[in-house]
Structure formats: C-alpha cells, structure tokens
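Visitor: Next one to model:
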Amino acid sequence: MKSRKIEIAVLSDLHLATRACKAKKILHYLKSIHPQILVLNGDIIDSWRFSRNYFPKPQLKVVRQLIKMMEKGVQIFYITGNHDEFLRRFNQTEIGKLKIVNQLILELDGRKTWIFHGDLYDHIIHKAKWLAKIGAAAYGLLTVLNNGINLLLRSFGLREVILYKRMKKKDKSNQPTAFEKAIASTAALNNYDTVICGHTHLPKDKRVMMPGKTIRYINCGDWVEHFTAAEYNEGKWELCYFEDPEEENAPDDPEMPDNKQLYQSLIRELALANCL
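Guide: Just a heads-up that it's a prediction; the model follows:
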C-alpha cells in the first residue's frame, strides 16, 4: 500500500484494549499515510477496560506501527482523554518523537488550531463518573454481542453490521449542541480559529457562530464506528472518512499468543523504542 504524504493527521477514540477497537482498520489507515505530525487525540488506550487483560495481536500491531512511524521521523503528540486520564500526570513528557500533552495549540498558515479530547466539557464525566463507567461497561457487552453476530454474518459471506451505531440518536440539525457551543465559546475567547476534539464518537465539521467570531468545529470521530480522521494539508483541514481497501473481515492471524505473551511483547516493543 502506497502511503499519502500529509502534514498532520488527528485520530481520536481508538479504544485499544477493548473488544470494540477495530485494530485492522486503524492499522490500514496508519499505513496509508505518511504525516509530518500525528496527533492521537485521547481515549487511545482504554484504561477503564485495560484491567480485563485484553490486548490481542492486531492491537499490538497498531502499537508497533506507531513505533515504526516515530522511527521514520513522524512527531507523535498523545493528547490525554478520560479513558486514558492516568497519563495526565505525565503532561509535557517527551520521549524521543513522542510527547504527552493535555491539549495542543498549533499555528498553521497564520490561523490557530486548538486540539483536545473534549471530555472536559462533558458534564456526566465530571458530575457522575460512575454513570459514565456503567455506560462504558454496557457498551462493552454490546460490542461482544455485535462481534458474535458479525462472526456469523462473515461465515455466510454477508456484510458486517454495527449495532451500537444504529442505536445512536442522529443529530440531523445543523444547530450547535450545548457541548459544541461551550467549546466554541472557549475557542473564541482564546482567539482560536479551529477546534478539533473527539470524545462523542460523532464526526462533524461545522461552523459555530459566536459573537464577533466564527469558529470551525471539527470532531474527528472514532475508530469504533465511523473510522474518521482530521487531516491538514496544503493549508486546510478536512474530515476524512476512511474507506479500507483491505477488507476488515479478512481472517485473523491464526497464531494468537496468550495474554502473558502479548503483554511481554508490548513491554519489549516500548523498550526497544526507548519509551521505557
């Protein structure tokens, strides 16, 4: 697969270490681009579910690909989210080509872009975190059911379905939500032109009118349901929907090591990249 040269790519909500993660699609997308800067915009590793000792080989390949990209000179910014908030204590930590931050402000062609995960504007996360965790657990159970259904569909040569995507209420209005207004208001106060977030798993690209300023709001979506990324090239941002040329339903690698071997491999990969 020939990679496209772009200046910046922003991905959010990969949810590695969960059964909802679509690691093959993530890997294929990462191999399809050669950015100068890659921004991992929160909820990359899902610590809420990480204790379940689930980190299959396809997800380990994603980690390996990120390491390879750094070895080739790609600067990676890891922005923390609510599912990987344990990394917030390492804000501004730099390890080679990897930098952990809580937000990122870029000045591009004379215009300021503010990139952050978005959970700080989610009232449920802050007022009832236990409720958010129950929702995440229910989402995980639905994912297990969905994976079982897709396994059956693939055996009959049928197309996969994403149940939880169909269950979500679609926002067909172009009017900004309270979440979007709050973010745009902060962006306007700080004289940012564009804001890029994730968190909601709802990819969007819209203009939000604020007093005296129009803010471009981009939600770069997720890699559980929508497979979207924000890309910057030749002076403009674009919300891209990844169409995977390699079918997601290709058979898994038959050699699946046990959990202990996978964790040892992950630690070894990080050590080789001087990340430990």
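
Visitor: Endpoint to endpoint, stretch 194-203 covers what distance?
Guide: 15 Å (CA to CA, to the nearest Å).

Visitor: Correction: the previous question concerned stretch 15-35.
Guide: Terminal-residue distance, stretch 15-35 (CA to CA): 22 Å.

Visitor: ok, now stretch 88-106?
Guide: Terminal-residue distance, stretch 88-106 (CA to CA): 20 Å.

Visitor: Which residue ranges of the protein form strands?
Guide: 4-11, 33-41, 75-79, 93-95, 98-101, 104-108, 111-115, 194-197, 204-210, 213-219, 228-233, 236-241 (DSSP state E).

Visitor: quick one: low-confidence parts of the stretch 151-276 of the chain?
Guide: Across the stretch 151-276 of the chain, the ranges flagged by pLDDT under 70 are 151, 153-155, 159-173, 246-276.

Visitor: Residue 226 and residue 243 touch, don't they?
Guide: No - assessed by CB atoms under 8 Å, residue 226 is found out of contact with residue 243, at 12.0 Å. The way it works is simple: take the backbone N, C-alpha and C, and place the C-beta from them, glycine included.

Visitor: neighbour-wise, which of these two wins?
Guide: Under the neighbour definition other CB atoms under 10 Å, residue 226 and residue 243 were set side by side, and residue 226 has more, 19 against 7.

Visitor: State the distance from the more buried one to residue 179.
Guide: 17 Å (CB to CB, to the nearest Å).

Visitor: again with residue 2
Guide: Distance of residue 2 to residue 179, given as CB to CB: 38 Å.

Visitor: What of residue 209?
Guide: Relative to residue 179, and taking CB to CB, residue 209 is found at 16 Å.

Visitor: And those two? Which one has more around it.
Guide: For residue 209 versus residue 179, neighbours defined as other CB under 10 Å are more numerous around residue 179 (18 against 12).

Visitor: The more buried one reaches residue 120, doesn't it?
Guide: No - Residue 179 is beyond contact range of residue 120, at 10.6 Å (criterion: CB under 8 Å).

Visitor: list the contacts for the residue lying closest to residue 212 once chain neighbours are set aside?
Guide: Leaving aside its sequence neighbours, residue 212 sits nearest to residue 188 (CB to CB, 6 or more residues apart in numbering; 7.2 Å). Residue 188 sits next to 210, 211, 212, 213, 215 when contact means CB atoms under 8 Å, 6 or more residues apart in numbering.

Visitor: 10 Å - rerun?
Guide: Contacts for residue 188 were tallied using CB atoms under 10 Å, 6 or more residues apart in numbering; they are 195, 208, 209, 210, 211, 212, 213, 214, 215.
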